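S.K.: Build me a model from this:
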Amino acid sequence: MNASGIGRLAVSLLGALLAVAVGYVLFFELPTTGVELVGVLLVIATGLIGLRIAGRLAGSAFTTYNVAQVAVEGPISRDGGGGRLPSGPTTTPTDDIVEQIEAADADETVEGLLMKLNTPGGEVVPSDDIRKAVVEFDGPTIAYATDVCGSGGYWIASGCDELFAREASLVGSIGVIGSRVNAADLAERAGLSYERFAAGKYKDAGVPLREMEEDERAYLQGLIDDFYGQFVERVAEGRELSEETIRATEARVYVGEEALELGLVDSLGTREDAKDRLGEVLDLDPDVREFEPDRGMMARLSVGSASVAYAFGAGIASVVGDSDREIDVRL
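M.R.: Residues are numbered from 1 along each chain as shown. As a prediction, this is how the structure comes out:
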């Protein structure tokens with residue numbers, strides 16, 4: 001046991017002993033009810049509480065970790081609601097993930113960042129916010145994929161120094177898809193008509209209650225092309241690959257071994273392998289602390305419930321337009 005560990009143990013034991021002493025005086029030596037058994041139980045309870053409090057204080061005073069881990073699990077969204085898909089789980093809000101990365105960066109004991117990625121993707125700007133926080137982290141950053149690292153997850157991974165994946169991990173999905181519901185025929189059969197009240201030619205482009213004009217289709221396709229161009233550019237820059245190589249993947253997902261051959265990942269391995277690699281880069285024995293926001297039990301249970309099948313059709317989800325949200329765009 002190193003000096004830091006001995007110090008933590010000493011503080012914890014001292015705190016427990018002091019708590020027991022206080023509890024003995026309050027509940028046993030000077031009993032108010034005369035029932036000594038109750039006093040003894042209260043002494044024990046007080047000691048346990050003291051041990052817990054002292055342990056926390058010791059953990060703060062004698063930190064042993066030098067690597068932070070932050071996880072991105074499930075569909076990525078600003079509020080953690082899982083997006084518009086009805087099967088999407090409640091996940092960690094993007095702002096909370098960014099906050100944990102920034103907290104790790106501000107922690108003087110943290111020298112490296114380990115990013116756990118198990119996500120099919122999510123909204124465009126939130127994914128980019130996480131990537132930006134990773135890029136700005138002052139130290140080496142290594143990501144490892146578990147089940148899925150697609151679209152928005154890969155967007156984030158491209159900002160890390162290295163990416164590990166399992167042999168059977170699904171990696172990639174570097175592409176964009178746009179969709180809208182065409183309810184024009186249904187509205188006509190129901191006797192409904194669409195009347196336009198808008199300022200600006202393309203303000204209601206994509207409204208489902210009428211057929212789309214060709215110039216509107218070209219306009220919306222242009223937005224999707226812009227998203228795709230940004231995605232390709234970021235991945236090419238972060239992975240040091242040509243844009244032609246990225247476009248040649250055709251937005252497909254690859255198992256880990258194929259992704260390694262294409263240069264989409266750096267190594268095949270588990271979390272331990274990624275941690276050991278980070279230790280090599282830092283030239284130290286890595287001790288990892290998981291940085292995560294305070295969440296309720298139900299939120300913890302729901303994280304990770306997204307199915308692998310979702311990764312094939314989902315990805316970075318965003319909405320083009322204003323509050324009516326007719327056009328759904330995913331990378």
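
S.K.: Residue 239 reaches residue 158, doesn't it?
M.R.: Yes: Residue 239 sits in contact with residue 158 when judged by CB atoms under 8 Å, with a separation of 5.5 Å. Any C-beta I mention is one placed from the backbone N, CA and C, and that applies to glycine too.

S.K.: Comparing these two, which shows the higher neighbour count?
M.R.: Neighbour count, other CB atoms under 10 Å: between residue 239 and residue 158, residue 158 has more, with 24 against 21.

S.K.: residues contacting the more buried one?
M.R.: By CB atoms under 8 Å, 6 or more residues apart in numbering, the contact set of residue 158 is 131, 234, 235, 237, 238, 239.

S.K.: Widest-spaced pair of these?
M.R.: 131 and 239 (12.4 Å; CB to CB).

S.K.: Take the contacts of residue 158 and write them to a markdown table, including pLDDT, secondary structure and distance to residue 140.
M.R.: Below are those laid out as a markdown table (pLDDT from 0 to 100; DSSP: H, G, I helix; E, B strand; the rest coil; distance: CB to CB, whole Å):
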| residue | pLDDT | secondary structure | distance to residue 140 |
| --- | --- | --- | --- |
| 131 | 96 | helix | 16 |
| 234 | 92 | helix | 19 |
| 235 | 94 | helix | 20 |
| 237 | 93 | helix | 18 |
| 238 | 93 | helix | 14 |
| 239 | 93 | helix | 16 |
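
S.K.: which among these end up buried?
M.R.: Buried members of those, scored by 16 or more other CB atoms under 10 Å, are 131, 234, 235, 238, 239.

S.K.: Residue 232 versus the spatially closest residue to the third one that is not a sequence neighbour, what's the distance?
M.R.: Taking CB to CB, 6 or more residues apart in numbering as the measure, residue 235 lies nearest to residue 158, with 4.6 Å between them; neighbours along the chain are not counted. If you measure residue 158 against residue 232 using CB to CB, to the nearest Å, the figure is 10 Å.

S.K.: Likewise for residue 106?
M.R.: Residue 106 is 33 Å from residue 232, where distance means CB to CB.

S.K.: same check, this time on residue 274
M.R.: Per CB to CB, residue 274 is found 26 Å from residue 232.
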